[in-house]
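Visitor: My questions are about this predicted structure, shown below with the sequence.
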Amino acid sequence: MSAPQPPRRSLSRPLRWAWCALAYASLALGIIGIFVPGLPTTVFVLIAAWAATHGSQRLHDWLLGHPRFGPSIRNWREHGAVSRRGKKMATATMAVCAAITLWCVPLLWVKVLSISCMAVVCGWLWRRPLPPEERAG
């Protein structure tokens, strides 16, 4: 069963191209984020899915049907939910980034600001509900 499709508006060709470019650029950053610590994957894939609803129905359908990306996108859209695994991976990545920041960044205010931002995002993330299939278990 797929998520309900958002209403399609008639957009000019340049605007559709802009949405499409944002979708593909976000997807590329998300894929790079799989391999680069500190670069989030899920956020960029969600942005790609959102932008694709405006620019590329084909990419949108591909993302929703993708075995790796589709469930996260549907859980976010339908329930505002993030899986326990996603929360753990994001937390671990932020912890690694915080350690790198503490070790490599010489300016105290940059350390404090960046780690504080990560802590706020981490707190917000853990307050998001779990997908329905994880709540029952």
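Guide: Great, that's in hand. Numbering: from 1, shown residues only.

Visitor: Just the element for the most centrally placed residue in the chain, please.
Guide: Centroid-nearest residue in the chain: V43, 1.5 Å away (criterion: Cα atoms, centre = their mean). According to DSSP states H and E, V43 maps onto helix 42-55.

Visitor: before we move on, the earlier item: give the full set of residues in contact with the residue nearest to the centre of the chain.
Guide: G30 (Cβ atoms under 8 Å, 6 or more residues apart in numbering). All C-beta spots, glycine's among them, are computed from the backbone N, C-alpha and C.

Visitor: V96 now?
Guide: 37-38.

Visitor: tell me the average confidence for the one helix or strand it maps to?
Guide: Taking DSSP H and E as the criterion, V96 maps to helix 84-104. What helix 84-104 shows for mean pLDDT is 90.

Visitor: mind listing what's buried in the helix or strand just after it?
Guide: Once the chain leaves helix 84-104, the next helix or strand it forms, by DSSP H and E, is helix 108-127. Of the residues in helix 108-127, 111, 114-115, 118, 122 count as buried by neighbour count, 16 or more other Cβ atoms under 10 Å.

Visitor: Also stretch 74-82?
Guide: In stretch 74-82, counting by 16+ other Cβ under 10 Å, buried: 74-77, 81-82.

Visitor: From the rest of the structure, what touches it?
Guide: Contacts for stretch 74-82 (Cβ under 8 Å, 6+ apart): 2-3, 42, 46, 49, 64, 72, 83, 90, 125, 128-132.
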